[in-house]
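Student: Dropping the sequence and predicted coords here.
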Protein chains: 2
Amino acid sequence: MNDFQFQNTTKVYFGKNQLSHLHEEVLKYGDKVLIAHGGDFIKNSPLYQNVMDELKSNNIQVFELGAVEPNPRHTTVNRGVAICKDNEIQTVLAIGGGSTIDCCKAIAATSLSDTNNIWDLVEGKVAWHDALAVIAIPTIASTGSEMDKSCVIANVEIGVKSGINGETIRPKAAFLDPTNTFSVPPLQTACGGFDIMAHLFDMNYFVNADKYPLQFHVVETLLKTVRQQLPIAIKEPENYEARATMLWAASWALNSFCTSGFQTQASLHALEQFSSTLDLTHGLGLAILTPKWMKYLLDRDSSVADDFARFGINVMDVEDGEDKVAVAYQAIDALQTFIKDELKLPVHLSELGIHELPIKEMIQKAMKGAKSLPRAYRELTKEDCEKIYQMCL
Amino acid sequence: MNDFQFQNTTKVYFGKNQLSHLHEEVLKYGDKVLIAHGGDFIKNSPLYQNVMDELKSNNIQVFELGAVEPNPRHTTVNRGVAICKDNEIQTVLAIGGGSTIDCCKAIAATSLSDTNNIWDLVEGKVAWHDALAVIAIPTIASTGSEMDKSCVIANVEIGVKSGINGETIRPKAAFLDPTNTFSVPPLQTACGGFDIMAHLFDMNYFVNADKYPLQFHVVETLLKTVRQQLPIAIKEPENYEARATMLWAASWALNSFCTSGFQTQASLHALEQFSSTLDLTHGLGLAILTPKWMKYLLDRDSSVADDFARFGINVMDVEDGEDKVAVAYQAIDALQTFIKDELKLPVHLSELGIHELPIKEMIQKAMKGAKSLPRAYRELTKEDCEKIYQMCL
């Protein structure tokens, strides 16, 4: 096991009746808060009204940033920075998914820096050390940004997604109420759930070395739990236990425990360029991609068979057998079937009417992320990327 | 899932080369530190010398409290309090097992209170809210006190073990170096390891309700991992991976994640009165007790069979079968055999020359802890306790 440092300071308020603690958390930092959200859907929700009531009845002054995009733009972050600086706001409160939370982290850091432009921080032109307090109220089980210390921002002017990370932008508090995810439609529930699985695959499961027992077993357990509970959350959107399990699993897939002592590899996240080039939902891109990537590797190198077979047996309930390569193929089939029949997601881009890809652009972006993945099974070449993308069509 | 709040702020430095960060952590609070330890064994260790060098070369003034007992006495705590108050010390550093860490937590809280006697805090006579900084360097994988916010202290004058708990006594930092546990002899390694298993049994595994998928699966995974790695640590004391896994598992068994959303029950910890009456090692007491408690329950109520059978199959590698009661008995046998053959621990008190028990005293103490265990399989009566204790002889 490699040496590592682990600390996760986020205070989690989990459950149906925790919102009354929100003012306590906000007032630790001051009495002015910026609320960021995606727009009308949140503004018309009871959650929004409850948050407003909770803040206003405690004499907290509320400012607002709406229309935060699914891949939050640096210009949106900068709008938030202007509001915070102009009004000397102390806390940024995200109500929404990972994008909204990421946007708030970026606003928080930039607001205490010497620039009004987040991109100066991303590019390292302006140093930053401190940040406003971030508080997160996630409304979907997905990225786990609510306990994590990084954010990803899109600069559409130059076509780049990048981010910053640091301890000071980790949310001080997160309010995880499973009932806030009841209204997430089946498609988004499935995409968010597969995003959780892909974090686990990439961070510490599909790796060709260093499988340290404790963390590796926990990752496998999280995968199996998501595999069992996600279809329930899709079929029964108001099943509290399933929604609660997904929400807590999302935080744990990304909050550093699972990767403690490991180098992560992120092959799948490097390859997933459907969201950056076709504006596909990230989790859907990962769902389409993952079984193809597995098949591509297994077709070329049977040394991955043991790992894929193990995944099949321990996560997908595939029956064990003498021939590990055969079991590994069954595991890939089982995953594809799970995505198609239980998550009700398309397994090929053609099902979405996409028959051609901006291959050059995708490969260029993928190769940036595919560099230096010391624990990936195979160092992906441009040719590898192209073939895997063609399999996705 | 019940509503819950979760936060664990301890900064963990894990691995062989982390001690150089110790002065950074100490100097956050001041330049005077009290080191507490058990005595000569630690003082003659390279670890002690390395800690001293690290502190002194950074101009940190070191005070010392030696001879902290395995069940730390309140008078020892009070000795530490006097040193801290007299010298305006800001940080208490534990080098040792759970007892030493617990002692430091008690010193830390009492030193910032209006009394010089920890027992005033335990009995609620003096209020306390703040504490000196606690830093822990555990030398055995066992209690997990290094990431936990409670401590247990013994008042031998009145024959009571009790404690305090609160966020301010949670260690600010913990240095977990697996090589510091290489010298732990097989017996203590086994007892510490079984203590970890018993935390998991009690907190959230052997419970007759509310098995929430995520946390329950993780607990089972931790149990299986300890079951696999503990015998390796016993047989190969310098096996880094096994020692590292045990050390990290100890922290995770008790750091609140596994119990998030649950009421714990602690039947085994209530029953384990061998350590308080016979001065037996706590982990050994738990190892002798656990299979007897399981058999006692199963003999009387086959509704526990499914849970015990599941434990057998998923943790102890017992083969599944139609007759769950039979599988459950096999699980108990497997656990007993594991304790005897792999942990090399006695399974009856008679093997230690103990043929009689202070039954009355034990029952009286057990009944105090056995009250209000809403999720225990059976509300234990005095008669139950007596019969279980007799089975242990």
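Tutor: Everything's here; your move.

Student: Backbone dihedrals for the residue of chain A positioned farthest from its centre, both of them.
Tutor: Distance from the C-alpha centroid of chain A peaks at A:E322, with 36.6 Å (C-alpha atoms, centre = their mean). When quoted as degrees, to the nearest 10, the phi and psi of A:E322 stand at phi -60, psi -50.

Student: Quick check: it vs B:S99, distance?
Tutor: A:E322 sits 51 Å away from B:S99, going by C-beta to C-beta, to the nearest Å. (Each C-beta comes from the backbone N, C-alpha and C, glycine too.)

Student: near chain B, which residues of the stretch 251-393 of chain A show up?
Tutor: A:252, A:257, A:260-261 (C-beta under 8 Å from any C-beta of the partner chain).

Student: same question, the stretch 1-150 of chain A
Tutor: A:1-18.

Student: Restrict those residues to the buried ones and give me that as a ChimeraX selection.
Tutor: A single ChimeraX command is used to select the members of those judged buried by 16 or more other C-beta atoms under 10 Å in any protein chain shown:
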select /A:1,4,6,7,8,9,10,11,12,13,14,15,18
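
Student: In strands, which of the residues of the stretch 1-150 of chain A next to chain B fall?
Tutor: Mapping these onto strands (DSSP state E) picks out A:4-14.

Student: export those residues to CSV and tack on pLDDT?
Tutor: Putting these into CSV (pLDDT from 0 to 100) gives the following:
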residue, pLDDT
A:F4, 92
A:Q5, 94
A:F6, 93
A:Q7, 93
A:N8, 94
A:T9, 95
A:T10, 96
A:K11, 97
A:V12, 97
A:Y13, 97
A:F14, 97
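
Student: Any chance of a markdown table for the residues you listed, columns distance to B:D202?
Tutor: Converted to a markdown table, these look like this (distance: C-beta to C-beta, whole Å):
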| residue | distance to B:D202 |
| --- | --- |
| A:F4 | 29 |
| A:Q5 | 30 |
| A:F6 | 25 |
| A:Q7 | 27 |
| A:N8 | 25 |
| A:T9 | 27 |
| A:T10 | 27 |
| A:K11 | 26 |
| A:V12 | 23 |
| A:Y13 | 26 |
| A:F14 | 22 |
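
Student: Now A:V62: which helix or strand?
Tutor: Element membership of A:V62, judged by DSSP states H and E, is strand A:61-65.

Student: same for that strand, what does it pack against?
Tutor: strand A:32-36, helix A:46-56, helix A:74-87 (3 or more C-beta pairs under 8 Å, 6 or more residues apart in numbering or on different chains; DSSP states H and E).

Student: got the angle for the next helix-or-strand element following the last one vs strand A:61-65?
Tutor: Beyond helix A:74-87 in the direction of the C-terminus, DSSP H and E gives the next helix or strand as strand A:91-96. For strand A:91-96 against strand A:61-65, the angle between stretch directions is 50 degrees (axes from the mean of the first three to the mean of the last three C-alpha atoms, to 10 degrees).

Student: mind listing what strand A:91-96 pairs with, with the direction of each?
Tutor: strand A:32-36 (parallel), strand A:133-138 (parallel) (DSSP bridges).

Student: Tell me which of those sits most buried.
Tutor: When those are scored by mean count of other C-beta atoms under 10 Å in any protein chain shown, the highest mean neighbour count falls to strand A:133-138 (a mean of 28).

Student: Residues in contact with whichever helix or strand comes after that one: which ones?
Tutor: Per DSSP H and E, the first helix or strand lying C-terminal to strand A:133-138 is strand A:150-155. The contact list for strand A:150-155, computed with C-beta atoms under 8 Å, 6 or more residues apart in numbering or on different chains, reads A:69, A:71-74, A:77, A:101-103, A:105-106, A:118-119, A:122, A:145, A:160-165, A:169.

Student: now these: which count as buried?
Tutor: For these, buried by 16+ other C-beta under 10 Å: A:71-74, A:77, A:101-103, A:105-106, A:118-119, A:122, A:145, A:160-161, A:163-164, A:169.

Student: what sits against A:E88?
Tutor: A:K32 are the contacts of A:E88 under C-beta under 8 Å, 6+ apart.

Student: So A:D120 sits against A:A127, correct?
Tutor: No: assessed by C-beta atoms under 8 Å, A:D120 is found out of contact with A:A127, at 9.6 Å.

Student: Compare these two (neighbour count), which wins?
Tutor: Comparing A:D120 with A:A127 by other C-beta atoms under 10 Å in any protein chain shown, the one with more neighbours is A:D120, at 17 against 10.

Student: how about the nearest residue to that one, chain neighbours excluded?
Tutor: Excluding its sequence neighbours, the residue lying closest to A:D120 (C-beta to C-beta, 6 or more residues apart in numbering or on different chains) is A:V126, at 4.1 Å.

Student: And that neighbour, how close does it get to A:V152?
Tutor: A:V126 is 19 Å from A:V152, by C-beta to C-beta.

Student: Quick one: mean pLDDT over stretch A:188-200.
Tutor: Averaging pLDDT along stretch A:188-200 gives 96.

Student: and A:E146, how many neighbours does it have?
Tutor: 28.

Student: dump the residue contacts of it.
Tutor: Taking C-beta under 8 Å, 6+ apart, one finds A:10, A:101, A:136, A:138, A:171, A:174, A:176, A:251 in contact with A:E146.

Student: just to revisit the earlier point, let's have the helices and strands packed on strand A:61-65 in TSV, adding mean pLDDT and distance to B:S302.
Tutor: Shown next, in TSV, are the helices and strands packed on strand A:61-65 (pLDDT from 0 to 100; distance: least, C-beta to C-beta, whole Å):
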stretch	mean pLDDT	distance to B:S302
strand A:32-36	98	55
helix A:46-56	97	46
helix A:74-87	98	61
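
Student: Just put those in TSV and tack on distance to B:S57.
Tutor: Formatted as TSV, the helices and strands packed on strand A:61-65 follow (distance: least, C-beta to C-beta, whole Å):
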stretch	distance to B:S57
strand A:32-36	45
helix A:46-56	50
helix A:74-87	43
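
Student: Need the winner for burial among these.
Tutor: strand A:32-36 (a mean of 25).

Student: A:L47 against A:L93, yeah?
Tutor: No: using C-beta under 8 Å, A:L47 is not in contact with A:L93, being 11.9 Å away.

Student: list residues touching both of the two?
Tutor: With contacts defined as C-beta under 8 Å, 6+ apart, the residues shared by A:L47 and A:L93 are A:I137.

Student: you'd agree A:Y377 is up against A:D301?
Tutor: Yes: contact criterion C-beta under 8 Å: A:Y377 and A:D301 qualify, at 7.1 Å.

Student: max-length helix in chain A?
Tutor: helix A:213-235 (DSSP state H).

Student: any idea which of the contacts of A:E146 is least confident?
Tutor: Lowest confidence among the contacts of A:E146: A:S251, with 92.

Student: Out of the ones in strands among the residues of the stretch 1-150 of chain A next to chain B, which two are the most distant from each other?
Tutor: Using C-beta to C-beta, those span at most 27.5 Å, a distance reached by A:F4 and A:Y13.

Student: what's the overlap in contacts for A:D120 and A:A127?
Tutor: With contacts defined as C-beta under 8 Å, 6+ apart, the residues shared by A:D120 and A:A127 are A:S113.

Student: ok, A:A141 - how many residues close by?
Tutor: 32.

Student: Correction: the previous question concerned A:H199.
Tutor: Neighbour count for A:H199, taken as other C-beta under 10 Å: 30.

Student: got a list of what it touches?
Tutor: Applying C-beta under 8 Å, 6+ apart, the residues contacting A:H199 are A:144, A:253-254.

Student: again, but for A:K382
Tutor: A:363, A:367.

Student: Tell me how far it lies from chain B.
Tutor: According to C-beta to the nearest C-beta, to the nearest Å, A:K382 and chain B sit 37 Å apart.

Student: what about that residue, distance to A:I359?
Tutor: 10 Å.

Student: And A:V160, by the same measure?
Tutor: For A:V160 relative to A:I359 (C-beta to C-beta), the value is 19 Å.
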